[in-house]
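A.B. asks: Sequence and predicted structure, then a few things I'm wondering about:
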Amino acid sequence: MSMYDLDKTENQTAELIQTGSPRQAGKKKNLAVFLIVAVALAVGFGLGAASYGQWGSLAKKLGLSLPPAAAPKDAPSAGNTPARVVYEPQTTQEDAVIKVVKDYSQAVVSIIITKDVPVYEQYYSSPNRGFDPFGFFDNFQVPQVRQKGTQNQEVGAGSGFIVSRDGMVVTNKHVVGDSSAQYTVITPDGKKYPAKVLALDPTQDLAVVKISGEAGQEFPSVILGDSSNLQVGQSVIAIGNALGEFDNTVSVGVISGLKRSITAGGGGTSETLDNLIQTDAAINQGNSGGPLLNLKGEVIGVNTAIASGAQNVGFVLPINVAKRDIDQVEKSGKITYPYLGIYYTIINAQIQQENDLPVDYGAWVTTGTADSGQGKVASVVASSPAKTAGLKDKDIVLEINGEKINQNNTLSQIIAKYNPGDKVTLRIQRDGNQINLEVTLGDRSENQ
């Protein structure tokens, strides 16, 4: 058939459709059936099983057959009683965080620091009055300032968490360490309680304070976890009085490092802290003393310090240290540590090389650049257990009771395992020889 013939046939078909001749009527019916089936299939796929049944009935009237609908995967075989499918909800990290905050945030408190501070007023005087015979400068006023008593004002804020039903609270030492200040604990329900400082840790930035409610009142308290088996990457939650203004602020992150050592400062003082947890959970000023929790709701650390100028680099004291303090306060009313009485530097390969030392580990008895303002500090403290045992400047303490001292296991960490009065054996490197010294550990508290 030529192109021309094809065109002519198409023209004729068009003409027949327009006039509705009997021949075209048959084609029209077939076309209508085709369109109905197509629409039925399309709508059936879009609307699901119910729509499938409706359009399947229509297709049956038209003499067409459709494939059976696929049975759900959990449908029982034919002839069996249909079983109920139960889907267990999945607990997500978000769910865990929400639950922890809901269950334990009521035990996180704000600590307000107030102090009597001088109040000044400005006044004006004429310094030339009586010295100017002509009175030209009698009206010349000079502004001056003088103290007009004192006023109790808020000077700072921190955080804490209740660890016992009777109102024992753990916080940082730098939050409640000013003996001339007054402290008030504010619970999440807005109630205020005067706080009494029970004990300050002499070596760690920790303190225990006490609040008291009405007779028989019990406070919500946290659950203390175990900080000995923490993992880098573990999810954590920090809660505290951020910036001293936004109480019970929650931030979430991970443990980003372990066994960190830092020198922390504030309020004109500084101290070296070892074996800290590092986290990227946001810790701000005012968060000090608040808890760091795991996703089980257990407190694993006490938020303590932040890296100045960094983004989300915070440091946390392990809760096992605080548990020791709590136990001592409950038993004796104070916090004590075994005491050796030396200043030292932990040796590594670099320090060994720079100082030509015989070993690359141990605690080198030396003051380094420390200065008390009255000359060099003695590396062995006078009247200390170390002095009594015979330790000398430049000695290297290699081991304590056979336990090797290095950067991951410092002298202070090993000593903390013992109690005041315990006898230990020190392995010493001195003048090319190794000797043993017996030492009876002393007793150090915040009052010593």
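C.D. replies: Done, it's in. Numbering: from 1, shown residues only.
A.B. asks: Break down the stretch 51-200 of the chain into its strands, ranges please.
C.D. replies: In the stretch 51-200 of the chain, the strands defined using DSSP state E, counting those that start in this stretch lie at 108-125, 142-162, 168-171, 182-186, 192-194, 196-200.
A.B. asks: will you turn those into TSV that also has distance to residue 392 and mean neighbour count?
C.D. replies: (C-beta placed from N, C-alpha, C; glycine too.) As requested, the strands of the stretch 51-200 of the chain are arranged in TSV below (distance: least, CB to CB, whole Å; neighbours: other CB atoms under 10 Å):
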stretch	distance to residue 392	mean neighbour count
strand 108-125	44	16
strand 142-162	42	15
strand 168-171	39	26
strand 182-186	44	19
strand 192-194	49	15
strand 196-200	32	20
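A.B. asks: will you turn the ones you listed into TSV that also has distance to residue 298 and mean pLDDT?
C.D. replies: Shown next, in TSV, are the strands of the stretch 51-200 of the chain (distance: least, CB to CB, whole Å; pLDDT from 0 to 100):
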stretch	distance to residue 298	mean pLDDT
strand 108-125	14	84
strand 142-162	12	84
strand 168-171	14	97
strand 182-186	22	96
strand 192-194	25	95
strand 196-200	23	95
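A.B. asks: which residues in this structure form helices?
C.D. replies: For the chain, the helices defined by DSSP state H cover 3-19, 22-47, 49-61, 93-104, 173-176, 319-332, 349-355, 385-389, 411-415.
A.B. asks: what mean pLDDT does the fourth one have?
C.D. replies: In other words, helix 93-104. The average pLDDT for helix 93-104 rounds to 93.
A.B. asks: and that helix, which residues are buried?
C.D. replies: For helix 93-104, burial by neighbour count (16 or more other CB atoms under 10 Å) applies to 96, 97, 100, 101, 104.
A.B. asks: Including distance to residue 345, could the residues you listed go into CSV?
C.D. replies: Shown next, in CSV, are those (distance: CB to CB, whole Å):
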residue, distance to residue 345
96, 43
97, 42
100, 41
101, 43
104, 41
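A.B. asks: Out of the strands of the stretch 51-200 of the chain, flag the one nearest residue 346.
C.D. replies: With CB to CB, the closest approach to residue 346 among the strands of the stretch 51-200 of the chain belongs to strand 196-200: 25.5 Å.
A.B. asks: Find the residue at the geometric middle of this structure.
C.D. replies: Nearest to the geometric centre of the chain sits residue 238, at 3.6 Å (CA atoms, centre = their mean).
A.B. asks: Give me the neighbour count for the closest residue to residue 323 other than its chain neighbours.
C.D. replies: Residue nearest to residue 323 in three dimensions, not counting chain neighbours: residue 224, with 5.7 Å by CB to CB, 6 or more residues apart in numbering. Using other CB atoms under 10 Å, residue 224 has 18 neighbouring residues.
A.B. asks: Quick check: which ranges of the stretch 201-350 of the chain have low pLDDT?
C.D. replies: 264-271 (pLDDT under 70).
A.B. asks: go again using 90 as the cut-off
C.D. replies: 202-204, 213-216, 242-248, 259-275, 284-286, 306-312, 332, 337, 339, 343 (pLDDT under 90).
A.B. asks: who's the closest residue to residue 175 other than its chain neighbours bridged to?
C.D. replies: Nearest residue to residue 175, sequence neighbours excluded (CB to CB, 6+ apart): residue 158, at 3.4 Å. Beta-bridge partners of residue 158, counted by DSSP bridges, are residue 111.
A.B. asks: What separation is there between residue 158 and residue 293?
C.D. replies: The gap separating residue 158 from residue 293 is 18 Å, by CB to CB, to the nearest Å.
A.B. asks: so residue 199 touches residue 335, yeah?
C.D. replies: Yes. Between residue 199 and residue 335 there is a contact under CB atoms under 8 Å: 4.6 Å.
A.B. asks: shared neighbours of the two, which are they?
C.D. replies: With contacts taken as CB atoms under 8 Å, 6 or more residues apart in numbering, residue 199 and residue 335 have 208, 325, 328, 329, 446 as neighbours in common.
A.B. asks: Grab the nearest non-local neighbour of the third one.
C.D. replies: Ranked by CB to CB, 6+ apart and with sequence neighbours excluded, the top spatial neighbour of residue 328 is residue 335, at 5.2 Å.
A.B. asks: okay, now that neighbour: neighbour count?
C.D. replies: Residues lying near residue 335 (other CB under 10 Å) number 25.
A.B. asks: ok so, going back, who's in contact with the residue nearest to the centre of the chain?
C.D. replies: With the criterion set at CB under 8 Å, 6+ apart, residue 238 makes contact with 250-253, 279, 281-283, 287, 290-293, 303, 314.
A.B. asks: returning to what we had before: name the member of the shared contacts of residue 199 and residue 335 with the most neighbours.
C.D. replies: residue 208 (28 neighbours).
A.B. asks: can you tell me which residues contact it?
C.D. replies: Contacts of residue 208 (CB under 8 Å, 6+ apart): 168, 169, 170, 171, 197, 198, 199, 325, 326, 329, 335.
A.B. asks: what sits opposite it in the beta ladder?
C.D. replies: Beta bridges link residue 208 to residue 170, residue 199, judged by DSSP bridges.
A.B. asks: Residue 393 versus that one, what's the distance?
C.D. replies: Distance, residue 208 to residue 393, using CB to CB: 36 Å.
A.B. asks: Just the buried residues of the contacts of residue 238.
C.D. replies: 250-253, 279, 281-283, 287, 290-293, 303, 314.
A.B. asks: For residue 243, state which of the residues you listed is nearest.
C.D. replies: Looking at the buried ones among the contacts of residue 238 and their distance to residue 243, the nearest is residue 287, at 8.4 Å (CB to CB).
A.B. asks: leaving aside the residues next to it on the chain, what's closest to the closest one?
C.D. replies: Residue nearest to residue 287 in three dimensions, not counting chain neighbours: residue 240, with 3.6 Å by CB to CB, 6+ apart.
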